[in-house]
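Novice: Sequence and predicted model, in that order:
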Amino acid sequence: MVHPAFIVLGALLLGALLLLLPRFFSRTKDTMQIVRGLRALRSARHADMALIAAYHRRFPASAGTEPLDDRTWRDLDLDEVFLSLDHTASEPGRQYLYHCVRSPHCSVEPLARLDRAARSLEADESTANHARTALCELSDPRAASLDDLLFGELPRRPRLWWLFPLLTAASVACLALIAAWPQLVLLWLGICVVNVGVQVLYKPRVKRFIPALHELPAFLRVSRALGTLPIADLADESRVLREGAKRFGSLRLATSWLMFEPEQANELASSVYEYVNLLFLLDVNAFVFATESLRNSREVARGMFAALGYVDAAQSIAQWRRTLPRWTAPEFTAAQKALHVETLAHPLLANAVANCLDVDGSSVLITGSNMSGKTTFVRTLGVNAVLAQTLYTTCASVWRGPMLRVRTSIQRADSLADGKSYYLSEVESVLELIRAKESGQQHLFLLDELFRGTNTTERVAAAYAVLAFL
């Protein structure tokens with residue numbers, strides 16, 4: 001016979017389960033909706049690499065990093081690799097993640113901190129969904145122009161800028177008092193003519209900043225939302241975003257007026273908006289106020305951009321790792337001519353055949369028939385070396401070795417515009433490697449069929465001399 005206490009306990013457990021199941025399924029449904037939304041967003045996003053790389057081009061060298069050169073980036077097809085691993089939810093986050101992948105670190109601590117943040121977000125699905133939902137507000141391609149607004153040169157304030165609010169106030173006052181003093185119509189018409197003239201002269205000078213200002217309210221809303229993240233390894237970023245959002249609170253009202261999109265509204269609303277701006281200079285005043293607020297606190301705004309990008313990069317890494325058949329964090333050793341990797345694969349290849357490599361005190365020469373995968377393996381090694389020192393992630397089961405500066409000479413091409421032959425382009429590529437070697441830093445040199453642009457005798461002799469030197 002079952003004891004009554006067990007019956008009561010079973011009933012309590014069943015009741016608790018029935019109460020919790022709806023909440024569990026609700027959260028699961030919300031998570032699935034967010035994941036589906038992010039997948040749809042990712043498939044629809046642009047691939048304008050110039051726009052994605054804009055932030056990095058402004059800051060090619062960050063403290064404690066050794067940025068990849070353009071040749072190595074192209075040789076390893078890292079544009080395609082970046083697009084495959086990019087799971088950011090915002091345009092600023094996308095630009096920041098590109099900067100991360102382009103800037104290998106020289107020490108472990110910043111990499112370990114990013115790894116801890118990514119793991120924390122992966123473990124706390126509710127917080128990760130909160131972050132992604134907030135960041136999606138900046139998924140509009142126009143949000144990529146925030147980089148230019150915050151880091152580029154702002155337009156100069158007109159010398160008579162203080163007249164703009166006076167003209168607005170005078171226009172409003174005349175319109176309000178016309179019923180009592182009809183003579184004010186003439187004065188109001190004169191003010192309107194001046195306001196139209198200001199619009200015609202000033203608007204073309206600031207046109208390119210309008211898309212970024214349109215996204216500024218969303219930038220502040222996202223900052224406030226991310227300022228509450230309960231992740232210890234993102235505490236600094238949350239504080240920067242929270243305090244920055246408070247500081248720019250008055251900026252929301254000014255930029256909110258600029259958010260209206262006449263081309264997406266009905267004809268009546270669009271006409272009213274345009275005429276109000278022409279007669280009362282509301283958009284000009286909002287623009288001048290917004291740019292001056294940013295000019296006076298640009299360091300704060302720039303810190304907010306980097307903090308927001310860091311949070312998005314961390315959640316993107318967590319998302320990307322889930323898509324990999326295998327991955328591991330690298331184990332960095334002291335500087336030595338040694339590298340041990342197991343079941344290494346290229347992140348772009350589906351169902352890739354994994355390979356192992358054990359280097360200890362000597363270089364490696366890879367030979368084989370055509371189309372046997374030699375160049376693919378060389379690129380696989382280089383890509384994973386870059387990912388190890390940027391995203392603290394390798395597509396392998398084991399990666400053990402020192403921190404390395406990756407330099408390549410794989411793809412070469414002539415250039416009629418620059419007057420360079422195939423051979424000259426190749427010689428310049430090798431010269432860069434020789435100069436890099438003279439720096440004394442430890443490198444991973446990846447070379448593919450040196451001096452293909454000349455005859456066999458000279459090719460073998462030159463390749464031997466270069467390899468001996470390196």
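Specialist: Sure thing, it's come through. Numbering: from 1, shown residues only.
Novice: what's the burial count for Gly382?
Specialist: Neighbour count for Gly382, taken as other Cβ atoms under 10 Å: 24. In short, each C-beta sits where N, CA and C put it, glycine included.
Novice: got it, and the one 5 residues further on?
Specialist: Burial of Leu387 is recorded as 25 neighbouring residues (other Cβ under 10 Å).
Novice: ditto for Asp77
Specialist: 16.
Novice: okay but Asp147 is in contact with His56, surely?
Specialist: No - here Asp147 does not reach His56: they are 9.8 Å apart, not a contact under Cβ atoms under 8 Å.
Novice: what do those two both touch?
Specialist: Listed as contacting both Asp147 and His56 by Cβ atoms under 8 Å, 6 or more residues apart in numbering are Gln95.
Novice: any low-confidence regions in the stretch 1-150 of the chain?
Specialist: 1-44 (pLDDT under 70).
Novice: Return the per-residue confidence for Leu348.
Specialist: Listed pLDDT for Leu348 reads 94.
Novice: Which residue, other than its chain neighbours, is closest to it?
Specialist: Take Leu348 and drop its neighbours on the chain: the residue closest to it by Cβ to Cβ, 6 or more residues apart in numbering is Ser84, 5.7 Å away.
Novice: for Glu215, same thing?
Specialist: Glu215 sits nearest to Ala143 (Cβ to Cβ, 6+ apart), 4.5 Å away.
Novice: What of Glu331?
Specialist: Arg400 (4.5 Å).
Novice: Could you do Val101 as well?
Specialist: Nearest to Val101 is Thr390, by Cβ to Cβ, 6+ apart, at 5.0 Å.
Novice: so that neighbour, which of the three states?
Specialist: In three-state terms, and counting by DSSP: H, G, I helix; E, B strand; the rest coil, Thr390 is coil.
Novice: residue ranges for the strands of this structure, please.
Specialist: Using DSSP state E, the strands of the chain run over 331-332, 338-344, 355-360, 398-401, 405-409, 443-447.
Novice: now the helices: where do they sit in the stretch 101-250 of the chain?
Specialist: Remark: helices assigned in the stretch 101-250 of the chain by DSSP state H, counting those that start in this stretch are 109-123, 125-135, 146-151, 163-177, 184-206, 210-226, 235-247.
Novice: can you put those in a markdown table and add mean neighbour count and distance to Ser256?
Specialist: Output for the helices of the stretch 101-250 of the chain, formatted as a markdown table (neighbours: other Cβ atoms under 10 Å; distance: least, Cβ to Cβ, whole Å):
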| stretch | mean neighbour count | distance to Ser256 |
| --- | --- | --- |
| helix 109-123 | 18 | 31 |
| helix 125-135 | 20 | 18 |
| helix 146-151 | 22 | 16 |
| helix 163-177 | 16 | 17 |
| helix 184-206 | 14 | 17 |
| helix 210-226 | 22 | 5 |
| helix 235-247 | 18 | 15 |
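Novice: For those helices, please prepare TSV with the additional fields distance to Ala50.
Specialist: Formatted as TSV, the helices of the stretch 101-250 of the chain follow (distance: least, Cβ to Cβ, whole Å):
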stretch	distance to Ala50
helix 109-123	26
helix 125-135	22
helix 146-151	12
helix 163-177	35
helix 184-206	22
helix 210-226	16
helix 235-247	27
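Novice: Out of those helices, flag the one nearest Leu433.
Specialist: helix 109-123 (25.5 Å; Cβ to Cβ).
Novice: Report the inter-axis angle for the closest one versus helix 125-135.
Specialist: Angle between the axes of helix 109-123 and helix 125-135 is 100 degrees (criterion: axes from the mean of the first three to the mean of the last three Cα atoms, to 10 degrees).
Novice: Check which helices and strands helix 109-123 sits against.
Specialist: Using 3 or more Cβ pairs under 8 Å, 6 or more residues apart in numbering; DSSP states H and E, the elements in contact with helix 109-123 are helix 125-135, helix 298-323.
Novice: name the helices or strands packed onto the last one?
Specialist: If contacts are counted by 3+ Cβ pairs under 8 Å, 6+ apart, helix 298-323 sits against helix 91-101, helix 109-123, helix 125-135, helix 146-151, helix 210-226, helix 235-247.
Novice: As a markdown table, those with distance to Leu308 would be great.
Specialist: Below are the helices and strands packed on helix 298-323 laid out as a markdown table (distance: least, Cβ to Cβ, whole Å):
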| stretch | distance to Leu308 |
| --- | --- |
| helix 91-101 | 6 |
| helix 109-123 | 13 |
| helix 125-135 | 8 |
| helix 146-151 | 9 |
| helix 210-226 | 6 |
| helix 235-247 | 6 |
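Novice: Out of the ones you listed, which gets nearest to Thr454?
Specialist: Once the helices and strands packed on helix 298-323 are compared by Cβ to Cβ, helix 91-101 is nearest, at 34.6 Å.
Novice: What lies in contact with the closest one?
Specialist: 45, 52-56, 59, 62, 78, 81-82, 85-86, 88, 114, 135, 138-144, 146-147, 219, 305-306, 308-313, 316, 386-387, 390-391.
Novice: any low-confidence regions in the stretch 151-300 of the chain?
Specialist: Within the stretch 151-300 of the chain, the stretches with pLDDT under 70 are 254, 257-266.
Novice: can you tell me how far Asn296 sits from Arg252?
Specialist: Note on Asn296: its distance to Arg252, by Cβ to Cβ, to the nearest Å, is 16 Å.
Novice: The two - which one has more neighbours?
Specialist: Remark: of Asn296 and Arg252, Arg252 carries more neighbours, 15 against 10, as counted by other Cβ under 10 Å.
Novice: picking up where we left off before, run a quick neighbour tally on the residue nearest to Val101.
Specialist: 22.
Novice: Next up, the contacts around it.
Specialist: Counted by Cβ under 8 Å, 6+ apart, Thr390 has contacts Cys100, Val101, Arg102, Ser103, Pro104, His105, Leu111.
Novice: export those to CSV and tack on distance to Glu428?
Specialist: Putting the contacts of Thr390 into CSV (distance: Cβ to Cβ, whole Å) gives the following:
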residue, distance to Glu428
Cys100, 28
Val101, 25
Arg102, 22
Ser103, 24
Pro104, 23
His105, 28
Leu111, 32
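Novice: These: which two are farthest apart?
Specialist: Top of the distance list for the contacts of Thr390 (Cβ to Cβ): Arg102 and Leu111, 14.7 Å.
Novice: distance between stretch 45-64 and the chain's centre?
Specialist: 8 Å (Cα atoms, centre = their mean, to the nearest Å).
Novice: And that stretch, end to end?
Specialist: 31 Å (Cα to Cα, to the nearest Å).
Novice: What are the contacting residues of it?
Specialist: So stretch 45-64 is contacted by 67, 79, 82-83, 92, 94-96, 98-99, 102-103, 105-107, 110, 139, 141, 144, 147-148, 151-152, 309 (Cβ under 8 Å, 6+ apart).
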